[in-house]
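S.K.: I need the structure of the sequence given here:
(3 chains)
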Amino acid sequence: MKELKKNITRKITSHFSDAAVKEYEGNRVDFTVKKETIPAILFYLKDEMGYNHLSHISCVDWIEEKAFEVIFILWSYSDHLKVFIHTRVDRENPVMDNIDMIWPQANTYEREIKEMYGIQFEGLEAPEEFLLEDWEDMPPMRRDFDTHAYAMKTFWDRQDARKDAQDVRETITRRTGEELPDVAKKYSR
Amino acid sequence: MEEILHYTWGAVVSFVLAFAVGITYMGLNRKVTARVQNRIGPPWYQNFLDVLKLGSKKSAIHHGTMHHLGPAFLMVTSVMSLLIIPILNDGKFFPNLNFQGDLIFLIYIMTFGPLGMALGAGQTGNPNSAIGVTRGLAQMAGFEIPWVMALVALMIQFKTTSIVDLMNVQAETGRWLMFSSPFAFIAAIMAMFGMFRYSPFDIVGAPSELASGPMSENGGKYLFTMMSSGSVFTFAKLTLYTDLFLGGADNLLVLIAKTFVLYMIPVLYGLVSPRYRTEQAVRWFWGWPSFFGLLAILQASFF
Amino acid sequence: MNDKVSQKIVDIIQNYARQHSLWVLAYGTGCGAIEIPPTMTSRYDAERLGVRGAATPRQADVLLITGYLTTKTLKRVIRVYEQMQDPKYVIGFGSCTINGGMYFDSYNTIKALDRYLPVDVYINGCMPRPEAVLKGFAKLQKLIQAGKADGSKKYKENLDWYRANQKEVIPVWRMPEFNW
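M.R.: Modelled structure (predicted):
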């Protein structure tokens, strides 16, 4: 296991100079690259190192640093290693390259990220709507979208709890006459 | 004039008896199924309540005249086939219109109902109905072969085409036709599975596979008509089998006992068997049942 | 004398038949649908009450809204509800139909089902156990017997209010008109 991780780390850092490595326990290795090298590093990992399986493409919204982080998770059947590839994309104008010629399932992941975060993938051919129907607001998974306020405005304003609401445990103990244990008393209203 | 009133009275009484007994048998089917599956099922009169509920729906939605008349064709088939099948041996309480050649008439009438239903289902434009109807007609082409072969064997052996004559033969010789022409009986029982449309041949109206096929656009009063005609037709078929093979019945209790025993054969077999696809079902019908039908015809011609 | 008494007798017979033979549309809208198979099968048998699954909306009486409804599903459920034949009942299943439940601050699910479809009986829980589901059916039976389960009549009379609420949530409205 350690040799396999050393092997992959050495190969990637020798071929791609801008890859930063972070090692984890177990069978996981992380690399952080610039967004222009993404197609090259993914082709390299699939064709030459045998990482045939794309598990997921995920996205994180770093609103304080004004960037989106896109993460590709790859798995190798022969080495049993997970490789995570991180990139940062500018938040004002989020554009990335389309990689669904390498793995066909990347089409679905990219559609979801486009709809939920608003990252445009150049060259992606897909119908417009995916999960949300007739959505005109901003992409809903961004952190500056206040979902609670949107729900209150569009749907029904849920009223406050009843002022005479009673605790379930206390009602039951009043009825049966047994004692509340100390552990449960801190949850009483 | 008196004859017409007499026969009309006979038709009405037969219909009421067939309706009551048929619906009770369907309820008993659900009860037996539930008990085999280790649970308490609905009460035996559950199908009466189902039929009453369907009849008291306040709106009847239909898609045109042919769709409106579709269930009526099924009802016409059931009532007409009930008119020529003798219910009791002597025809005292349930007068009938028997004539020479009514066995051949019966074979043709039994295929008229599903064809009318197909026309009605075709007008709805629902693709589930169209697929269900083609499957039903294909299956009918399957089970008609052994059924007609069994009946032809009986007709050749006793040189008659009337149901009453076949019953008289059984009364004279004292032997049921089940023992005189056993191969015809076996072929007819195997064809009975296809006629009743329980498992394994229930792909026509399966709820989860096809959204119940031809019945998928009918609700309320149309479904009431279809369920009633289904139960009357069930009773008519069971009585036909009793008359032809089990020696008829002298009074109502014996008739109910014999039809119940015959009814349990497809029900109990259907409980333990999965569903055939249409081509598998048709291929099965043209296999062993047709072989027994051929044996029946050979036995009738040469022995 | 002929009108009132005979009407009452006919009503009693019809309500008795309707309450003991409820056909539920086999459509699970949300995550509560996982409690329907245990209720219908051998251990908590719902067929004793006459409850049975129906395949199409034309044959069904009861629409069981199990759990949350997104706006995408609401459009289809309204279409299904309007295809069912009178008299029809709606049972709201789980706490998401009552006030939004676990997804009370979600941008995609509706919060109060009663504004979009007329609900007769609520069964609360997340998910309700099969015993609670059977008790809900028994309550619906009592309502039918008393003649108070008239959700479909309420829908027909207040159609404008229901339509206004539905169109507020579903912006692109491409549905047939309700004429039966």
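S.K.: measure stretch B:169-181 end to end?
M.R.: Stretch B:169-181 has its terminal residues 13 Å apart, counting by CA to CA, to the nearest Å.
S.K.: Touching it from outside, list them.
M.R.: The contact list for stretch B:169-181 (CB atoms under 8 Å, 6 or more residues apart in numbering or on different chains) reads B:89, B:153-154, B:157-158, B:160, B:166, B:184-185, B:244-248, B:296, B:299-300. Glycine gets a C-beta too; all of them are placed from N, C-alpha and C.
S.K.: List buried residues within those residues.
M.R.: For the contacts of stretch B:169-181, a burial check counting by 16 or more other CB atoms under 10 Å in any protein chain shown picks out B:89, B:153-154, B:157-158, B:160, B:166, B:184-185, B:244-248, B:296, B:299-300.
S.K.: Got the confidence number for A:Pro181?
M.R.: Note for A:Pro181: predicted pLDDT of 73.
S.K.: For it, grab the count of nearby residues.
M.R.: Neighbour count of A:Pro181, defined by other CB atoms under 10 Å in any protein chain shown: 8.
S.K.: What ranges does the chain have for its helices?
M.R.: No chain specified, so I'll use chain A. For chain A, applying DSSP state H gives helices covering A:2-15, A:38-47, A:106-116, A:147-154, A:168-176, A:182-185.
S.K.: My question was about chain C, not that one.
M.R.: Remark: helices assigned in chain C by DSSP H are C:2-19, C:36-40, C:71-83, C:96-99, C:130-146, C:151-157, C:159-169.
S.K.: Show me the shaky parts of chain A.
M.R.: Along chain A, the parts satisfying pLDDT under 70 run over A:157-168, A:184-189.
S.K.: Show me the residue sitting in the middle of it in space.
M.R.: In chain A, the residue lying closest to the centroid (CA atoms, centre = their mean) is A:Ser58, at 3.7 Å.
S.K.: Check whether that residue really touches A:Ile73, as I assumed.
M.R.: Yes. Counting by CB atoms under 8 Å, A:Ile73 is a contact partner of A:Ser58 at 7.1 Å.
S.K.: Stretch B:46-55 near chain C at all?
M.R.: Yes. If you take CB under 8 Å from any CB of the partner chain as the test, stretch B:46-55 does meet chain C, through B:Gln46, B:Leu49, B:Asp50, B:Leu52, B:Lys53.
S.K.: can you put those in TSV and add distance to chain A and secondary structure?
M.R.: As requested, those are arranged in TSV below (distance: CB to the nearest CB, whole Å; DSSP: H, G, I helix; E, B strand; the rest coil):
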residue	distance to chain A	secondary structure
B:Gln46	39	helix
B:Leu49	39	helix
B:Asp50	38	helix
B:Leu52	40	helix
B:Lys53	35	helix
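S.K.: Pick out whichever of those sits closest to B:Val148.
M.R.: Set against B:Val148, the nearest of those by CB to CB is B:Asp50 (33.9 Å).
S.K.: which residue packs closest to the closest one, ignoring adjacent ones?
M.R.: Spatial nearest neighbour of B:Asp50, chain neighbours left out: C:Ser21 (4.7 Å); criterion: CB to CB, 6 or more residues apart in numbering or on different chains.
S.K.: contacting residues around that neighbour?
M.R.: Applying CB under 8 Å, 6+ apart, we find C:Ser21 in contact with B:Gln46, B:Leu49, B:Asp50, B:Leu52, B:Lys53, C:Gly50, C:Arg52.
S.K.: now, which of those sits nearest A:Leu45?
M.R.: C:Arg52 (55.2 Å).
S.K.: how many other residues sit next to the closest one?
M.R.: 18.
S.K.: residue contacts, it?
M.R.: So C:Arg52 contacts C:Ser21, C:Leu22, C:Trp23, C:Val24 (CB under 8 Å, 6+ apart).
S.K.: picking up where we left off before, select only the buried ones of the contacts of C:Ser21 in PyMOL?
M.R.: For the buried members of the contacts of C:Ser21, the matching PyMOL selection, counting by 16+ other CB under 10 Å, is:
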select buried, (chain B and resi 46+49+50+52+53) or (chain C and resi 50+52)
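S.K.: Run a quick neighbour tally on C:Glu168.
M.R.: Counted with other CB under 10 Å, the neighbours of C:Glu168 add up to 12.
S.K.: Please tell me how far the residue nearest to it when sequence neighbours are not counted sits from C:Asp3.
M.R.: Using CB to CB, 6+ apart and skipping the chain neighbours, the partner closest in space to C:Glu168 is A:Thr154 (7.7 Å). Shown here: A:Thr154 relative to C:Asp3, a distance of 49 Å by CB to CB, to the nearest Å.
S.K.: Between the two, which is the more surrounded one?
M.R.: A:Thr154 (15 against 7).
S.K.: I'd like to know how far that one sits from A:Asp134.
M.R.: 12 Å.
S.K.: for B:Leu103, same thing?
M.R.: 64 Å.
S.K.: Compare neighbour counts for these two and give me the winner.
M.R.: In terms of neighbours (other CB under 10 Å), B:Leu103 is the more surrounded of B:Leu103 and A:Asp134; the figures are 20 against 12.
S.K.: quick one: the more buried one is in a strand?
M.R.: No. Residue state for B:Leu103 (DSSP: H, G, I helix; E, B strand; the rest coil) corresponds to helix; a strand is not indicated.
S.K.: Quick check: it vs B:Ile156, distance?
M.R.: To B:Ile156, B:Leu103 is 12 Å away according to CB to CB.
S.K.: Looks like B:Gln123 contacts B:His63 (just checking).
M.R.: Yes. Counting by CB under 8 Å, B:His63 is a contact partner of B:Gln123 at 5.9 Å.
S.K.: Neighbour count for the two, which is higher?
M.R.: Taking other CB under 10 Å, B:Gln123 and B:His63 do not tie; B:Gln123 has more neighbours (18 against 13).
S.K.: Could you pull up the residues touching that one?
M.R.: By CB under 8 Å, 6+ apart, the contact set of B:Gln123 is B:His63, B:Gly64, B:Met66, B:His67, B:Gly70.
S.K.: Repeat the analysis, applying 10 Å as the threshold.
M.R.: B:His62, B:His63, B:Gly64, B:Thr65, B:Met66, B:His67, B:His68, B:Leu69, B:Gly70, B:Ser129, B:Glu217 (CB atoms under 10 Å, 6 or more residues apart in numbering or on different chains).
S.K.: pLDDT wise, what is the third one at?
M.R.: pLDDT, B:Gly64: 80.
S.K.: Quickly note the distance from it to B:Glu217.
M.R.: The value you get for B:Gly64 to B:Glu217, if CB to CB is used, is 11 Å.
S.K.: hang on, the earlier thing: which residues do A:Ser58 and A:Ile73 both contact?
M.R.: Between them, A:Ser58 and A:Ile73 share these contacting residues under CB under 10 Å, 6+ apart: A:Phe84.
S.K.: My read is that A:Phe16 contacts A:Ile41, right?
M.R.: Yes. With contact defined as CB atoms under 10 Å, A:Phe16 reaches A:Ile41; the gap is 5.8 Å.
S.K.: ok, back up a step: roughly how far apart are the nearest residue to the residue nearest to the centre of chain A once chain neighbours are set aside and chain C?
M.R.: Once flanking residues are discounted, A:Ser58 sits nearest to A:Ile71: 4.7 Å by CB to CB, 6+ apart. Note on A:Ile71: its distance to chain C, by CB to the nearest CB, to the nearest Å, is 24 Å.
S.K.: how much space between A:Ile71 and B:Leu54?
M.R.: Taking CB to CB, one finds A:Ile71 at 57 Å from B:Leu54.
S.K.: ok, the two, which is more surrounded?
M.R.: Ranked by neighbour count (other CB under 10 Å), A:Ile71 and B:Leu54 place B:Leu54 first, with 26 against 15.
S.K.: Could you report the pLDDT at that one?
M.R.: 90.
S.K.: Now do the contacts for the nearest residue in space to A:Asp79 that is not next to it in sequence.
M.R.: Excluding the flanking residues, the one nearest A:Asp79 by CB to CB, 6+ apart is A:Leu4, at 4.9 Å. A:Leu4 is in contact with A:Asn27, A:Val29, A:Ser76, A:Ser78, A:Asp79, A:His80, A:Leu81, counting by CB under 10 Å, 6+ apart.
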